[in-house]
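Peer 1: Here's a sequence, model it:
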Amino acid sequence: MKIIPVIDVLNGVVVHAVRGQRERYAPLRSVLCSSVEPLDVAETFERLGFMELYMADLDAIMGGVRNLALYRRLKAELSLNFMVDAGIADVQSAGEVLDAGVSKVVIGTETLPSFRVVADSVRVFGEDRVLVSLDTRSGRILSVSNEIKSMDPVKVAKRLEGLGVRRIILLDLDRVGSECGVNLNLLRRIMAETGLEVLVGGGVRSIEDLEILRDVGVYGVLLATALHNGRVGVEDLRLRRLI
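Peer 2: I've put the predicted structure just below:
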């Protein structure tokens, strides 16, 4: 199981994401790094031994300009692989993100207008470079598409698998930054009914939560708040061979 640290970027700085309430996000305060500059935070994760990073480009997700120059700097100055959710709504945008040096592009259902964008992206860029984030709130899919947001999350996952998607992120925005535990029921349903590799984001409180997720068989966990406040320690992760 992979532990993948998260960087949420808003207005060019790293912020602390809480329950998807973006208008209330404040600059990051972390026991790991005193800076809120994305490159500094990413360098800290690399120095601590992490191999991969997830970035939510909130500026792009909220309809602004993608931080392509930042992606290029990360690629040029670090050896980390990194995946980015940059509010992708079409294949061209996915290509621009990948061309900027991103290892994998994340297509979030929140900004996804149709399943065809996913199918075309997988066909053009390959299953290894495209992930889909099932963005959920209160157990329902968030999407600009009426079709997608009306579907049960498990049915969305099955549809994505049929389109050639290999790996998804199950992101519970209600739980992001909340440390209130992971939605295990939905996770288990998706894993029981598909062969997808699942990464989980939102709600992790402790090393014990990570051990539960490892036992469930998830591919990876996106981790932010519990890392930055020290409730999940880097040494504990090393002892359990999670990094």
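
Peer 1: Just the pLDDT at the nearest residue in space to G201 that is not next to it in sequence, thanks.
Peer 2: Distances taken as C-beta to C-beta, 6 or more residues apart in numbering put L222 closest to G201, at 3.7 Å, once the chain neighbours are dropped. Glycine gets a C-beta too; all of them are placed from N, C-alpha and C. Per-residue confidence (pLDDT) for L222: 96.

Peer 1: Make sure L222 is indeed in a strand.
Peer 2: Yes. Counting by DSSP: H, G, I helix; E, B strand; the rest coil, L222 is part of a strand.

Peer 1: ok, what's across the strand from it?
Peer 2: Beta-bridge partners for L222, by DSSP bridges, are I4, G201.

Peer 1: Give me the three-state assignment for the residue nearest to the spatial centre of the chain.
Peer 2: Residue closest to the mean C-alpha point of the chain, counted by C-alpha atoms, centre = their mean, is Y54 at 5.3 Å. Three-state assignment for Y54 (three-state DSSP): strand.

Peer 1: From S133, how far out is it?
Peer 2: 9 Å (C-beta to C-beta, to the nearest Å).

Peer 1: Need the overlap of contacts for the two.
Peer 2: Shared contacts of Y54 and S133 (C-beta atoms under 8 Å, 6 or more residues apart in numbering): 85, 106, 169, 201.

Peer 1: Report the lowest-confidence entry in those residues.
Peer 2: Scoring the shared contacts of Y54 and S133 by pLDDT puts G201 last, at 91.

Peer 1: what's the neighbour count on the residue nearest to G201?
Peer 2: 23 (other C-beta atoms under 10 Å).
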